[in-house]
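Student: fold the following for me, if possible:
(3 chains)
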Amino acid sequence: MAHARAGLYGLVSRVFSGKPSAAMIEGMKSPEMVESLAAFDISFDGEFLAGDAQEQAEELAVEYARLFLGTGEHIAPYESVFIRGWSEEAPQLWGEATVAVARFYDEAGLELKSGRTPDHLSLELEAMAMLAECEAARRESGDAGGAAGIEELQSRFCREHLILWVPEICKAVRARSGSSFYRGMAALTESLVRLHCGEADGAD
Amino acid sequence: MAKKKRYAMVIDIRRCIACHACTVACKAEMAVPLEVNTTWLKIVEKGTYPDVRRFWIPRLCNNCTDAICARNCPTQATYKRDDGIVVVDQHRCIGCKYCIASCPYDVRYINPLKNIVQKCYFCSHRVDAGLVPACVESCPTRAMVFGDKNDSKSEVAQLLAANATVVLKKEMQTDPQVFYINADETAMSNVEEDINYYTEGALAKLRI
Amino acid sequence: MLNITRRDFLKLGAASAAVLTIESQFGPIAKAVELIEGGRSVNRTSGLPRSFLPSTCMQCPAGCGNIGYVEESRLVKIGGNTVHISNQGTLCARGQAGINALYDPDRLLTPMRRVGQRGKNNWESITWDQAYADVTQHMTAIKANPGSFVYLTENVARDNLGRRFTYSFGSPNALGAAAVYDANKLVATELTWGAAGDMPDVSHSKYILVFGANPLESNPQFVGLARRMIDGVQLNQAKLVVFDVRLTNTSTRANEAHYVNPGTYALVALSMANVIMQEGLHDAAFIEQWTNVSAAQLAQHLAQYTPERAEAETGVSALVIRRVATEFAATHPATTISDAMLSGMPNGVQNERAVMLLNIITGNIDVKGGLCMPRQYNLAEPNPAPPIPAASVLTNPPDLPLASQQSIQSAIQLIKNRKFNVGVLMTHGYNPAYSNPDTGTVEDVLKDETLIPYHIAVTPFMNETAMLADIILPETTYLEDWSAEVRSSPELVPYVSLRQPVVPPLDSAVSFFDIATQLASRIQAGMAQYFAFNSASDYVTAQISSIPGLVKAGGLDYLKQHGAWYDPKTRPNYGAYTAGGFSTPSGKIEVASSRLAAANFAALPTYEPVQDFKDLKESELVLSIYDTALQTDAKTANCMWLDEILHDNPVMINPVTAARLGIKDGDPVKVLRAAKAGEAKERSVESTAFVTEGIHPQVIAMASGVGHTAFGSVAQGEKVKMSEIDNVELKDPNLELIWWKEKGGTGVNTKQIVPAAADPIGGGQAWGSMVVTVAKA
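Tutor: Predicted coordinates:
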């Protein structure tokens, strides 16, 4: 289960981390992927499934930049832009939420290699993926207590951070993007987080 | 016996250049949301061309000695400290807005994010650490002066002793502790129209 | 509601893992990372200590000393640095709002390359490696013709690294935008007393005479000079007399404010000079010893500027001219203050020289309380330094031989008319598509790939110019950067101020030092040897090595701790020129400029009426674009605390004029400038009328610094537009408190309707000479 969670979080983290490669796009169209996504009520439109992955890589690069980078009206994918702290008056980078997230990584033993601001969406999702892998590893080695601890860490992060803003940003992506890829992945991310936080019916 | 501290502010309008450093200093220090201000400039224009001038006063909570807001607060969330600073206990405030209605100077506002009342409290957190309020520190021309007026050696006390000063709405008998040197009477009047959140009316008065 | 089974979850999880083949953004799970250590001293607020790092502001040209207060790795407040001579611990609204820029959600944090047509705003993010490779490829392609590289920056004199990069590549074309700002004044002062610029020693003055300037709201030193003016007026009882076309915070503060017909300041000044000479109130000894004219010569030249003539043309009464002239001459010490409103005219250089003359003939030159020469340290050029390639038509336009500050308008025209071929353009810290006159032409040039084959924009933010780039390199903001800063000191005691990062660079933003160094090593072409410094701070160390006192005090270490340094033993050395004379051909103050004469301009300060103002029709008005204390041209409109106060620019218009035109306060109005020869159509902007008594009936005025069309959501007052999906009203998480888009608007960039027109002497833009009509929109 933890492995699955790790896989899912890893995937969506990668989606928000940067433009997708042609290889990744191909992978998204594999029958197994399409079928699995269908169970989550997510499907890509015919245009996406039929398209040439190389061309799509360029299109989606532009779409990613349009959605998330500061070139025009865009969504800044940082928690502190969506969530304002006690003493905060307007969205900004490096808000109180950023500090709280940085503290969480510290506590969880996660060391940031990327220069990215800690509360970037892709980082928060990847942190969950890493912890889920760690949980799976512990479980497999028979350390049930340790595994439970890491599981609780993830749940806590979901409750204290992810659920507060990820559904919001996913809705924003779905409203703003003309690409069924990003709309689909946003829907998946929202479902994943809601599930994880116990907000939706489903596994675990 | 040593006199109690009585914090007060003197604003020498002759030195004020209406640069808004105090407005932004307060925004930054107090994390004031957009749409409302704890400190702001009221600017009016008087006269006819070519005999026309601008007059202004920085506006902030007067931390009145006889504060109506403190008297009326149902939960005693707002109260006056021994040193004269009137504060709002964020945890006791229930956002009933009685104090906003009570204040003759319209310096209080509801924080749109938290639904509690906030206002200037002379940066008591800085004062307690031995620092002047943020607006005073930022003022490029040192028009704002802050200190204990009961200490005859303080700059505030000396300014008060050497200069004629006016306060806002003296007739309300709240004994405001922000004293203005050389403030124009038009700028000092009609404060009930001069609201500290941005609407069409306030915008016209604050226009550069 | 989704009904997901455990099996569904497992299946998708496995499928997801199969798609993933990237490198993690995290290191392997280990124990906690070290905490970031704070600065040198502690500041207490909220009862908690804050780390403290002094640095130098860059929200306006003044470069005041600031302090960044950091808590838990982030900047939470900016205040003034008490040891900086200029601002002495205070900090203006713009300086404090620097946090808004640093943490602007619209910051560009990854390099980007355009996709599709230039200017369509389609980009893809690329890695720095890819970005450097792209730039290197294009620079290498023009190696055989290095002069086709053009580098555009705001202040080329201060942009040491930009010049180094350009020269080491083999191009002379490091261009600055002085012509858009204060070139005419710099040229005028240079021609007159051999130094660019001046410093009125106002805190010691007894009489301050202001022409075409609003120093209490805007001046090259801002706070440093504004405070000293107030000191002069308050503590020294200086009389303040202002001549202007509109009511400003300076004119309102003055003892006397006089409205002047537009474009006629110089006539007022020369008429006063005439009175002073006529009445024998001049300092005969000074004129004799230190100028290259005789009093008799000068008096004869000035005789034409009678107070009566001045009254007829300027609107200032002969009585006032005589009285103020007499007072100015009789009160010592006295000084004038003049700025871009005076010199940003087609006769700008002459205007400035006319005002300078008042100080010269009264012996107020470089005395305590008078008009003083600039005192500024010279930073060393770190060795090895690249040789400067021979000048080009861009750096030295042949039709502007005396334009020592370059002329960017001329450069744009030369490029547009294919008189100069650009191979690669790099823009850095300057936004010509917003800040230049005639922005339409700038945009046309930048859009044209045959004129600009490749455009690199080095910037922390998207803006009108970056929109037209091919590749964007996300630069650090000034709060994450290193540099050594020197300025003309308002205390007349020179100083050095350090800019150091108060927080580490955000995400993938890179400093220009690092960008230049990387490119130099990749492009080669002999560049790398000039960029062999270990770090930006090492470069700073090399720059300050020319200041022995600072080196002795501890050099960079001292600066890192204190933020700024000046020699405590230094006192203003008034009258320093007596030692070696002035740096002019004659060694004296060139009241009669031989260089002007040689170029067929009037050698003596002369009043030249603005031709466009002759016979103004009743419907015609003169437009004045003015600076404010809250916005610095193209730089600051992404700062929400500043935008909240100043976000639009209504048209200041006199009530009598407005009534005549049928305009009421708040009416939407159109400001229209007729088409010039060669232009297809007229230009106009729309705004709202602000009817005020505080403006000359023939003048309208609008603030600068607003009206961006590409500078992020705050500058444009945008709320992220959301649509409703699934019948759920979407909360607007971004910028929901940006209220001013609806109330007041975000203004308009008035510069777009101003034609590019330079003073023929100084090459500086004649902003104030534009005639417009105003009508209800």
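Student: use CA for all of it now, contacts and neighbours both
Tutor: OK.
Student: is residue C:135 within a helix or a strand, and which one?
Tutor: Assessed by DSSP states H and E, residue C:135 sits inside helix C:128-141.
Student: may I see the buried residues of that helix?
Tutor: In terms of neighbour count (16 or more other CA atoms under 10 Å in any protein chain shown), helix C:128-141 has its buried residues at C:128, C:131-132, C:135-136, C:138-140.
Student: ok, the residues you listed vs chain B, which is closest?
Tutor: Of all these, residue C:128 has the smallest distance to chain B: 34.0 Å, by CA to the nearest CA.
Student: that closest one touches residue C:111, doesn't it?
Tutor: Yes - at 6.2 Å, residue C:128 and residue C:111 qualify as touching, with contact defined as CA atoms under 8 Å.
Student: name the surrounding residues that touch stretch C:319-339.
Tutor: C:182, C:185, C:200-202, C:204-214, C:219, C:268, C:271-273, C:275-276, C:281-282, C:307, C:352, C:355-356, C:358-359, C:362, C:364, C:367-371 (CA atoms under 8 Å, 6 or more residues apart in numbering or on different chains).
Student: drop anything exposed from those.
Tutor: C:182, C:185, C:200-202, C:204-214, C:219, C:268, C:271-273, C:275-276, C:281-282, C:307, C:352, C:355-356, C:358-359, C:362, C:364, C:367-371.
Student: mind checking which of these are in helices?
Tutor: Those of the buried ones among the contacts of stretch C:319-339 mapping onto helices are C:185, C:268, C:271-273, C:275-276, C:307, C:352, C:355-356, C:358-359, per DSSP state H.
Student: pick out the most distant pair among the residues you listed.
Tutor: C:185 and C:307 (25.3 Å; CA to CA).
Student: and residue 55, what element?
Tutor: No chain was given, so I picked chain A. Element membership for residue A:55, per DSSP H and E: helix A:53-68.
Student: correction: the question concerned chain C.
Tutor: Under the assignment here (DSSP H and E), residue C:55 is part of strand C:48-56.
Student: isn't residue C:457 up against residue C:475?
Tutor: No - here residue C:457 does not reach residue C:475: they are 9.4 Å apart, not a contact under CA under 8 Å.
Student: can you name the residue of chain B nearest chain A?
Tutor: Of all residues in chain B, residue B:33 sits closest to chain A, at 3.9 Å by CA to the nearest CA.
Student: what about that residue, how many neighbours?
Tutor: Using other CA atoms under 10 Å in any protein chain shown, residue B:33 has 19 other residues around it.
Student: confirm that it sits in a helix.
Tutor: No - applying DSSP: H, G, I helix; E, B strand; the rest coil, one finds residue B:33 to be coil, outside a helix.
Student: I'd like to know how far it sits from residue C:644.
Tutor: Look at residue B:33 and residue C:644: by CA to CA, to the nearest Å, they are 11 Å apart.
Student: next: residue B:4.
Tutor: Taking CA to CA, one finds residue B:4 at 40 Å from residue C:644.
Student: between those two, tell me which one has more neighbours.
Tutor: residue C:644 (21 against 13).
Student: which helix or which strand is home to that one?
Tutor: Using DSSP H and E, residue C:644 falls in helix C:640-645.
Student: please list the residues of the stretch 501-650 of chain C that sit near chain B.
Tutor: Proximity of the stretch 501-650 of chain C to chain B is confined to C:628-630, C:641-642, C:644-646 under the rule CA under 8 Å from any CA of the partner chain.
Student: which other helices and strands does whichever helix in chain A runs longest contact?
Tutor: In chain A, assigned by DSSP H, the helix with the most residues is helix A:121-140. Judged by 3 or more CA pairs under 8 Å, 6 or more residues apart in numbering or on different chains; DSSP states H and E, helix A:121-140 is in contact with helix A:2-17, helix A:144-157.
Student: so for it, what's the average pLDDT?
Tutor: Helix A:121-140 shows an average pLDDT of 93 in the prediction.
Student: re the thing from before, would you mind putting the CA coordinates of the helix holding residue C:644 into PDB?
Tutor: Coordinates of the C-alpha atoms in helix C:640-645 are reproduced here as PDB (Å, rounded to 0.1, in the frame of the first residue of the first chain):
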ATOM      1  CA  MET C 640       2.000  45.600  -3.400                       C
ATOM      2  CA  TRP C 641       2.500  48.000  -0.400                       C
ATOM      3  CA  LEU C 642       3.500  50.700  -2.900                       C
ATOM      4  CA  ASP C 643       0.800  49.900  -5.400                       C
ATOM      5  CA  GLU C 644      -1.800  50.100  -2.700                       C
ATOM      6  CA  ILE C 645      -1.000  53.800  -2.200                       C
END
